[in-house]
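Undergrad: Coordinates for the following, if possible.
(one chain, ligands or ions: 2)
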Amino acid sequence: MSRLIVVSNRVSVPKAMGAAGAQGGLAVALSAALREHRGIWFGWSGKETETFTGHLDMQRNCDVTTATIDLEPQDIDEYYNGYANRTLWPLFHYRIDLTEYDRSFDEGYERVNARFADSVAPLIEPEDLVWVHDYHLLPLGSMLREKGVTNRIGMFLHIPWPPTRLFVSLPNHEQLVASMLHYDLIGFQTEEWLDSFTHYVKKEMGLPVADDGTIEYQGRQILARAFPIGIDYEEFTEGARSAEAREAHDRLKSSVRGRKMLIGVDRLDYSKGLGERFDSFGRFLTDNPDMAKDVVLLQIAPPSRENVASYQQIRHDLERKAGHINGAHADVAWVPIRYVNRGYRRTELAGFYRAADIALVTPLRDGMNLVAKEYVAAQDPEDPGVLILSQFAGAALQLTDAVLVNPHSTEEVSDAIERSLRMPLEERRRRHQALLNSIREEDVVDWREAFVATLQGKRTTEPSHAEP
Ligand code: ADP
Ligand code: G6P
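TA: Ligands and ions are numbered 1, 2, ... in the order given. As a prediction, this is how the structure comes out:
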């Protein structure tokens, strides 16, 4: 088994982090995928340093070895808050209205990618596989090649790839994609994002793309494929039966006093459709006065990327909206929306999922969405809850037995809530079983193995030690 050098902006091992474990799907998936696999996980520590030194902090946590560097405030501002989260994130989630372009962001992005390349290159041994993750590090492969790294290098994008007509609004779009064509393998969450990428490569760059996803560029062959990410299946099926999960389940159940409960669990991000979700729930309350007082929505939304203005704005908007809906509908002993801005331990989360009759997973656009899968895995198979899932989440392509909705339509989501609350036990069980099968068949270890095997099988450049 080759050693794996995993590189991502965010490095955290949620199981070791207790209550602070709310770092998003990438960290959750990578820490699960890296347990049982020899290797190093390299990235930013999340900390600031006055002057960049490249000093590596090596640690071992829950069977995963991490190596991290600190970044300067200007790096964090231009690369992380700037190009990654004010340019690429909104654009790749189809939010051209929120996308900001600024030359200093481009410079910061290049500079930090170069710093990553400088720091990680010395860790790479001849037989290692290098696996780069997400939109923060798209040009890293080309920078490693410039430093003479000839190992196989793969990249996996955890978020959508936008349609060509949107993507071309990015200044220097062709340069960015050309830099990606130094990887041996580029992975996407779904066929939809893969198709958008290959469409761009064919139409805008005029490159041939074979039916198996092989792209020819400057004498090299790059493979582009979809590898839908999964969850740690047992963490949630077994975790939901643990003592801690049961305690969380019972605590929540007793607090809703026999009412039906809907749950939402999302980073506080505009891509998650939280405002539309609150509006849909408000509409449900108005349209169903007979059911309204017997229902509670628990929305857990830990703050994210708090130095970016669009995130401050969405936080403000949601507080207002929740207040408004609660003001219009609440009674002395009942508040319809419980809005909570903190992280929970994963076993507690499993207990909350199991206590909920419905999960509302309604992003406006999402690369995959792990919460949808976690919710299904945590259910009691004898009396399972119903997953209401946005058709615009990557997960909707696999989880076709969920109640699929258009999250922009408050009527449609409100109707889906009503239908799900009335859904007979037999139908709930049938849907749940089908969803569970698909989640079990493609878990996070299958994802890692499929990607690594494809990368390993693909040798377009000879390893450095084999060179004359
Ligand atoms: P994203 O990666 O965009 O945040 P995902 O749904 O793919 O979206 O992944 C989110 C991950 O973060 C899930 O594993 C979820 O359990 C975790 N998470 C989200 N909110 C919390 C929270 N409040 N406490 C703990 N974990 C959380
Ligand atoms: C998404 C991205 C990840 C990111 C996570 C949390 O899952 O795909 O790359 O790590 O959100 O965001 P943050 O900015 O806190 O790392």
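
Undergrad: in which helix or strand would I find residue 200?
TA: helix 191-203 (DSSP states H and E).

Undergrad: Which positions in the protein make contact with ligand 1?
TA: Where the chain comes near ligand 1, counting by C-beta under 6 Å from any ligand atom, the residues are 21-22, 24-25, 28, 265, 267, 300, 302, 343-344, 349, 368-371, 374. No exception for glycine: its C-beta is placed from N, CA and C like everyone else's.

Undergrad: what secondary structure does the residue of the stretch 151-300 of the chain found nearest ligand 2 sit in?
TA: Closest residue of the stretch 151-300 of the chain to ligand 2, C-beta to the nearest ligand atom: residue 158 (3.7 Å). Under DSSP: H, G, I helix; E, B strand; the rest coil, the three-state class of residue 158 is coil.

Undergrad: Check what pLDDT it gets.
TA: If you check residue 158, the pLDDT there is 98.

Undergrad: Surely it and residue 25 touch.
TA: Yes: between residue 158 and residue 25 there is a contact at 6.4 Å, judged by C-beta atoms under 8 Å.

Undergrad: Are we agreed that residue 186 is in a strand?
TA: Yes: counting by three-state DSSP, residue 186 is located in a strand.

Undergrad: Give me the phi and psi for the closest residue to it other than its chain neighbours.
TA: Computed as C-beta to C-beta, 6 or more residues apart in numbering, the closest residue to residue 186 that is not its neighbour in sequence is residue 224, at 4.7 Å. Backbone geometry at residue 224, expressed as degrees, to the nearest 10, gives phi -120, psi 130.

Undergrad: Now do the same contact list for residue 224.
TA: 185, 186, 187, 188, 194, 197, 198, 201, 209, 213, 214, 215 (C-beta atoms under 8 Å, 6 or more residues apart in numbering).

Undergrad: ok, now residue 354?
TA: Residue 354 makes contact with 240, 245, 249, 378, 379, 380, 385, according to C-beta under 8 Å, 6+ apart.

Undergrad: Farthest-apart pair in those residues, please.
TA: 245 and 385 (14.5 Å; C-beta to C-beta).

Undergrad: Can you show me the helices along the stretch 101-250 of the chain?
TA: Counting by DSSP state H, counting those that start in this stretch, the stretch 101-250 of the chain has these helices, from start to end: 103-120, 140-146, 164-167, 173-180, 191-203, 233-237, 243-256.

Undergrad: and if you look at the stretch 251-400 of the chain?
TA: For the stretch 251-400 of the chain, the helices defined by DSSP H, counting those that start in this stretch occupy 274-287, 289-292, 309-329, 346-355, 370-377.

Undergrad: would you turn those into TSV with mean pLDDT?
TA: As requested, the helices of the stretch 251-400 of the chain are exported to TSV (pLDDT from 0 to 100):
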stretch	mean pLDDT
helix 274-287	98
helix 289-292	95
helix 309-329	98
helix 346-355	96
helix 370-377	98
